[in-house]
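*Asks:* What shape does this take:
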Amino acid sequence: MSTPDTAPDEALFVAWRGGDASAGDALAVRHSEAILRFFNNKVPEAAEDLLQKTFLACMATGTNAAEVRSFRAFLFGVARKQLLHYFEKRGELRGEEMMSRISLAELRTTPTQRIAAEQDKALLHAALAKMPLDQQILLELYYWQKLSVAEVAAALGGSEGGVRGKLHRARQRLRGEYDEVSRGKPLVGFDGDP
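*Replies:* Model (predicted):
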C-alpha cells in the first residue's frame, strides 16, 4: 500500500477529490514550489495568492480526477488559467487569444520584474518578457518545469505535433529577442527540437 509520500500524483488527486485532505497536502508539498516559481516569473506581486487559487481551482474543476493522466500537466494548465483570470480581472487582457499576441512587458504598467543576480539570467528574462505570453509559458513548461511534449500538450490543450511546432517557433523567437537585448551574445541551451 502506498503512502501519500510514495503514491503517484494521479492517485493522490483522485483521493484528494474524494475527500482525503492528506492527499491534497502531499500534492501541495510536491508541486507548490514549481507553481510558485511559475507565477513569480510573471507576477511576483500576486504569486502566493495565485498559488492558492490554483490549488483551490483543482478541487473546484469539473474534470474527472480519474481521467487526469498527468497531474503535473493538469496543474500547470490550471495555473495558466488562473494567470489569465488575473490579467483579465485587472483589465489588462481580454480573452485567451490575447495571450498569443501580448507580451508580459506590455501587460505590466509598472516595472515589477526582479533584477536577476546573473547577467545572463537577466538577459534571458528580458528576452522572454518581450515574447507573447503563450510562447513564454510553453518554453517555461518544457525547459524549466521539465514537462514532456505530451504533458505540455495536455496542460495547454493541444496536440503533441502542435506543441513541437510551437516550441520550434518559440525558440526561434526567443533567439531573436535574446539577440536584440544582449547585442548578439549567443543564447545557450535552447537548441534542437523535441
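*Asks:* From the contact counts, what lies against the helix or strand hosting Glu151?
*Replies:* Secondary structure assignment for Glu151, by DSSP states H and E: helix 149-156. Packing partners of helix 149-156 (3 or more CB pairs under 8 Å, 6 or more residues apart in numbering; DSSP states H and E): helix 71-89, helix 133-139, helix 160-182. Just so you know, the C-beta spots here come from the backbone N, C-alpha and C atoms, and that holds for glycine as well.
*Asks:* Identify the residues contacting Met131.
*Replies:* Neighbouring residues of Met131 by CB atoms under 8 Å, 6 or more residues apart in numbering: Ser103, Leu139, Ala170, Arg173, Leu174, Glu177.
*Asks:* Which secondary structure elements does the helix or strand where Gly24 lies sit against?
*Replies:* Under the assignment given by DSSP H and E, the secondary-structure element containing Gly24 is helix 21-40. Under the contact criterion of 3+ CB pairs under 8 Å, 6+ apart, the helices and strands touching helix 21-40 comprise helix 9-17, helix 47-60, helix 71-89.
*Asks:* Looking at the contacts of Met131, which is nearest Ser22?
*Replies:* Nearest to Ser22 out of the contacts of Met131 is Leu139 (CB to CB; 34.5 Å).
*Asks:* leaving aside the residues next to it on the chain, what's closest to the closest one?
*Replies:* Closest residue to Leu139 apart from its sequence neighbours, by CB to CB, 6 or more residues apart in numbering: Ala170 at 5.3 Å.
*Asks:* try Gly18
*Replies:* Beyond its immediate neighbours in the sequence, the residue positioned closest to Gly18 (CB to CB, 6+ apart) is Ala65, lying 7.8 Å away.
*Asks:* re the thing from before, can you point out the buried residues in the helix holding Glu151?
*Replies:* Of the residues in helix 149-156, those buried under the neighbour-count criterion (16 or more other CB atoms under 10 Å) are Val149, Glu151, Val152, Ala153, Ala154, Ala155, Leu156.
*Asks:* how far out from the middle of the chain is that helix?
*Replies:* For helix 149-156, the gap between its own C-alpha mean and the chain's C-alpha mean amounts to 11 Å (CA atoms, centre = their mean, to the nearest Å).
*Asks:* average model confidence for that helix?
*Replies:* Along helix 149-156, the predicted confidence averages to a pLDDT of 92.
*Asks:* ok, now stretch 121-130?
*Replies:* Summarised as a single mean, pLDDT over stretch 121-130 is 83.
*Asks:* Please compute how far it lies from its chain's middle.
*Replies:* Centroid displacement of stretch 121-130 relative to its chain, using CA atoms, centre = their mean, is 16 Å.
*Asks:* Report the buried residues of it.
*Replies:* Neighbour-count burial for stretch 121-130, counted by 16+ other CB under 10 Å, picks out Ala122, Leu123, Leu124, His125, Ala126, Ala127, Leu128, Ala129, Lys130.
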